[in-house]
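Colleague: sharing a sequence plus its predicted fold:
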Amino acid sequence: MATMLFSSPLYAQQSPPTIQLSPEDQNRGLNGPQKNFYFATKTNPTDDDYQNAGYFGQRLRPYLAGNTEALDNLNSYRRQKWLFLAERAVFISSVATYGAQVLHGDGPQQYFNNVQKVTIGVAAASLLSNVFITRHTNEHFERAVNAHNAGFPAAHRTGGMLRRLAPSGVGMGAAPTGQPLLALRWQLR
């Protein structure tokens, strides 16, 4: 059996810290609550180690730097959060417009004139779009964390096949027959 005599740090790839989501935030998945995620970069985090990722995930962004797949997913998460805020603004403004139409004037209150019909339609469309907007929002954040933890190196972004296939360790050893042996080690991701 070959024994490893040395390992080359030139080929070893430094892995960024693993990101752990808080237990409450793990597997939020489809239609989960639209609240901030909490994450930690320690292996065995305590409750005090978790930090708020921010409404748009902006505090997680520095940890994902250099990983385009993770950043793309975080950008999708941010886009979905902006769509959610826009939908909430449309819904609130349509409800306010409807209320203003009902309370408008000194005469008898009207609850279903043409302007109110349009306003009710806008509010209903807004609520329906909310279902589609929030359905996958949390998945984008979880995908960003998973892509980071998978450790895609820069070679994955540029398509450098040879750099992706480079061994993480190189060594020399001796086979049982006494002949020299070259030992290569790869890390699976």
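Modeller: Cool, got the structure.
Colleague: point out where the protein drops to low pLDDT.
Modeller: 1-16, 152-166, 168, 187-189 (pLDDT under 70).
Colleague: mind listing what the residue nearest to the spatial centre of it touches?
Modeller: In the chain, the C-alpha closest to the average C-alpha coordinate belongs to residue 141, at a distance of 2.2 Å (Cα atoms, centre = their mean). Counting by Cβ atoms under 8 Å, 6 or more residues apart in numbering, residue 141 touches 37, 53, 57, 73, 74, 77. (C-beta placed from N, C-alpha, C; glycine too.)
Colleague: if I look at it, how far off is residue 120?
Modeller: 33 Å (Cβ to Cβ, to the nearest Å).
Colleague: residue 172 against residue 180, yeah?
Modeller: Yes - with contacts counted by Cβ atoms under 8 Å, residue 172 reaches residue 180, the gap being 6.3 Å.
Colleague: more crowded one of those two?
Modeller: Set residue 172 next to residue 180 and count neighbours by other Cβ atoms under 10 Å: residue 172 wins out with 13 against 9.
Colleague: if I've got this straight, residue 104 is in a strand?
Modeller: No - counting by DSSP: H, G, I helix; E, B strand; the rest coil, one finds residue 104 to be coil, located in no strand.
Colleague: count the neighbours of it for me.
Modeller: The burial count for residue 104: 12, using other Cβ under 10 Å.
Colleague: which residues in this protein form helices?
Modeller: Applying DSSP state H to the chain gives helices spanning 61-64, 68-102, 114-135, 137-150, 154-158, 161-164.
Colleague: of those helices, flag the one that's most buried.
Modeller: helix 137-150 (a mean of 20; mean count of other Cβ atoms under 10 Å).
Colleague: tell me what angle that one forms with helix 68-102.
Modeller: Counting by axes from the mean of the first three to the mean of the last three Cα atoms, to 10 degrees, helix 137-150 lies at 170 degrees to helix 68-102.
Colleague: what separates helix 137-150 from the chain centre, distance-wise?
Modeller: 4 Å (Cα atoms, centre = their mean, to the nearest Å).
Colleague: put the alpha carbons of that helix into PDB.
Modeller: Extracted as PDB, the C-alpha positions of helix 137-150 are listed here (Å, rounded to 0.1, in the frame of the first residue of the first chain):
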ATOM      1  CA  THR A 137     -39.000  32.900  -2.900                       C
ATOM      2  CA  ASN A 138     -37.500  31.000   0.000                       C
ATOM      3  CA  GLU A 139     -36.200  28.300  -2.200                       C
ATOM      4  CA  HIS A 140     -33.900  30.800  -4.000                       C
ATOM      5  CA  PHE A 141     -32.300  31.700  -0.700                       C
ATOM      6  CA  GLU A 142     -31.900  28.000   0.300                       C
ATOM      7  CA  ARG A 143     -30.400  27.300  -3.200                       C
ATOM      8  CA  ALA A 144     -27.900  30.100  -2.700                       C
ATOM      9  CA  VAL A 145     -26.700  28.600   0.600                       C
ATOM     10  CA  ASN A 146     -26.600  25.100  -0.900                       C
ATOM     11  CA  ALA A 147     -24.600  26.300  -3.900                       C
ATOM     12  CA  HIS A 148     -22.100  28.000  -1.600                       C
ATOM     13  CA  ASN A 149     -21.800  24.900   0.600                       C
ATOM     14  CA  ALA A 150     -21.300  22.700  -2.400                       C
END
